[in-house]
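> Quick one, fold the following:
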Amino acid sequence: MAAKNFCVHGHFYQPPREDPETGLIPDEPGAGVYRNWNEKITVQCYRPNAALGNFSRISFDLGPTLAGWLEREHPDILAEIVRQEADFVARTGVSNAIAQSYNHTILPLATRADKETQIRWGIADYKARFGHNPEGLWAPETAIDTETLEVMAENGIKFTILAPWQADPAVRLDSSRPYRAALPNGSEIALFFFDRDLSLSASFNPEATIDADRYLRDLLIPKFPPRSRIPRTLLIASDGELYGHHQPRREEFLQWLTTGAAEMAGLKILVPAQILQGASKLTAIRIQENTSWSCHHGILRWSGECGCAERGEWKAPLRAALDFLADVIDFQSQRLLEPYGLSLQSVRNDYASVLTGSESAEVFAARRLGGADGGDVKRLVDLMTIQYERQRMFTSCGWFFEEFDRIEPKNNIRYAARAVRLFDRLTGMDLETEMRDRLAAVRSRATGLSGDRVFIG
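Numbering: from 1, shown residues only. Prediction:
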């Protein structure tokens, strides 16, 4: 009989919630007795999953913005997650953790330059935390296009995880085995597709995850053909916050599912890097361009109005305003760097050393400038601070929900506002007036709040 394997992948992530001026998360009344949502989810999810050892058995990605917050506020939890990953590497020779692009940008909506920065920053964050390069990388919302796959492969990423409906529909997909995407630049990358039924039932049917033994018996084991001689690995993927936050006590479900229940059912737990170790030549497959795991209209949820989140007429003007801002900032920033013989793209990618704490912003700037004076150093530090804000203003959560008058889109505009104020101060331009005019078209149908009001604070 063929081996029966399965894998649980948890996508652990929280958006940046810090006020860009103070660097602190304001009190969030919606979090109940907790100061903010990060604290609430930590108590309900991150701490108990770490305590139960779940990070030593599942495949997971840990978003850089979440990891950075844990490092500052709950370093013991982050240290335990890192320790469990190291134990897995010691046992198996490969990692069960994969990287995530840095700011949870919807990568197909980003320029190639931004794709490169987001992926390189995400890889640098992973390496700083786990001590080695990642083999896999999670694309936020699994949103994908061929260009994103190319940038991943160019930066040493061997695989990513996608939803089954992101594969070319002309192919009869077997999601229990990996495929490969042959890319136009001559490289290739492995693609793992999660099992649709198992993942959706785990994510959206609370009854399914009450009893791990029943989940295996009734849902997972019947997925294996009874007399098959082909080894199969069924991949279950969901938000990591499912386990304890979205569904209370599901961290206990996850623990038993990946220990006693699996052992008694004769199932082996593998992660993608292990599967690739033993894989022969993979079958080539094409992806469906500009698709994701949580929008039935591809990636429209993050750029316009679609049925996944109604009343989204504010999304397109917000996207257009921030795209305009990014173009102006990048064009003018490159002009400011030309006298130093520096490329904005190269310097911005290299800024990962500051984000990961390996050097200060001032040391970084002096290194890139080759020992320039203090005024030049400060100018480059300011330019990179502007780039940092200009990258995080594209955080995907700002477009996910149907309502504009929420913390997520307002935070994106606040990050843009800080970038503009620093930029105008540095260049003497008046980009602030232009942005106020453009953001006036962004408006909540429910409360009347407009984007220009958020922008001016």
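> Report the outermost residue of this protein with respect to its centre.
Ranking residues of the chain by C-alpha distance from their mean position (Cα atoms, centre = their mean) puts residue 227 at the top, at 38.6 Å.
> which parts of the longest helix seen in the chain are buried?
Criterion DSSP state H: the longest helix present in the chain is helix 315-337. By neighbour count with 16 or more other Cβ atoms under 10 Å, helix 315-337 contains the buried residues 315-319, 321-322, 325-326, 328-330, 332-333, 336-337. Quick note: C-beta positions are derived from backbone N, CA and C, even for glycine.
> can you list the residues that contact that helix?
Applying Cβ atoms under 8 Å, 6 or more residues apart in numbering, the external contacts of helix 315-337 come out as 109, 111, 113-114, 301-305, 343-344, 347, 379-380, 383, 386-387, 390, 393-394, 398-399, 404, 409, 412-413, 416, 419-420, 423, 426-427, 429, 431, 435, 438-439, 441-442, 451.
> on contacts alone, who are the packing partners of whatever helix or strand comes next after that helix?
Note on helix 315-337: by DSSP states H and E, the next helix or strand toward the C-terminus is helix 344-350. The criterion is 3 or more Cβ pairs under 8 Å, 6 or more residues apart in numbering; DSSP states H and E, and the helices and strands that helix 344-350 contacts are helix 112-130, helix 315-337, helix 361-369, helix 374-392.
> How far does the helix or strand following the last one sit from its chain's centre?
What it means is helix 374-392. The helix or strand immediately downstream of helix 374-392 is helix 397-400, counting by DSSP H and E. From the chain centre to the centre of helix 397-400 is a distance of 13 Å (Cα atoms, centre = their mean, to the nearest Å).
> Pull out the buried positions in helix 397-400.
For helix 397-400, by 16+ other Cβ under 10 Å, it's 397-400.
> can I get those in a markdown table with distance to residue 447 and pLDDT?
Formatted as a markdown table, the buried residues of helix 397-400 follow (distance: Cβ to Cβ, whole Å; pLDDT from 0 to 100):
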| residue | distance to residue 447 | pLDDT |
| --- | --- | --- |
| 397 | 19 | 96 |
| 398 | 17 | 97 |
| 399 | 18 | 97 |
| 400 | 18 | 97 |
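> give the contact list for residue 388.
Residue 388 neighbours (Cβ under 8 Å, 6+ apart): 351, 355.
> mind listing the helices for the stretch 101-250 of the chain?
In the stretch 101-250 of the chain, the helices defined using DSSP state H, counting those that start in this stretch lie at 112-130, 146-154, 196-204, 212-214, 250-257.
> need the ones you listed in a markdown table with distance to residue 4, can you?
Converted to a markdown table, the helices of the stretch 101-250 of the chain look like this (distance: least, Cβ to Cβ, whole Å):
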| stretch | distance to residue 4 |
| --- | --- |
| helix 112-130 | 29 |
| helix 146-154 | 30 |
| helix 196-204 | 13 |
| helix 212-214 | 16 |
| helix 250-257 | 14 |
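> tell me the domain boundaries of this protein?
4-277, 302-456 (automatic domain parsing).
> Tell me how many other residues crowd residue 433.
Per other Cβ atoms under 10 Å, the neighbour tally for residue 433 reads 11.
> for it, phi and psi?
Dihedral pair for residue 433: phi -60, psi -40, per degrees, to the nearest 10.
> From residue 419, how far off is it?
Distance, residue 433 to residue 419, by Cβ to Cβ, to the nearest Å: 15 Å.
> Show me the strands in the stretch 1-150 of the chain, by range?
4-12, 59-62, 97-100, 137-138 (DSSP state E, counting those that start in this stretch).
> Residues touching stretch 219-234, excluding its own?
1-7, 175-177, 195, 197-198, 201, 208, 236, 265, 267, 270, 275.
> Mind putting the domains of the chain into CSV with distance to residue 291?
CSV is the format used below for the domains of the chain (distance: least, Cβ to Cβ, whole Å):
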stretch, distance to residue 291
domain 4-277, 4
domain 302-456, 12
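> Which of these sits closest to residue 296?
Residue 296 lies closest to domain 302-456 among the domains of the chain, at 5.9 Å (Cβ to Cβ).
> distance between stretch 231-240 and the chain's centre?
18 Å.
> try stretch 429-440
29 Å.
> Can you list the buried residues in it?
In stretch 429-440, counting by 16+ other Cβ under 10 Å, buried: 431, 435-436, 438-439.
> How about stretch 43-60?
44-50, 52, 54-60.
> Out of the residues you listed, which is nearest to residue 281?
Nearest member of the buried residues of stretch 43-60 to residue 281, counting by Cβ to Cβ, is residue 59, at 22.9 Å.
> Quick check: ChimeraX command selecting the buried ones in the contacts of stretch 219-234.
Buried members of the contacts of stretch 219-234, defined by 16+ other Cβ under 10 Å, are picked up in ChimeraX with:
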select :4,5,6,7,175,176,177,195,198,201,208,236,265,267,270,275
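> Count the residues that sit near residue 41.
Neighbours around residue 41, by other Cβ under 10 Å: 21.
> hang on, isn't it packed against residue 246?
No. Here residue 41 does not reach residue 246: they are 9.3 Å apart, not a contact under Cβ atoms under 8 Å.
> Pass me the low-pLDDT residue ranges in the chain, would you?
In the predicted model of the chain, residues 1-2 satisfy pLDDT under 70.
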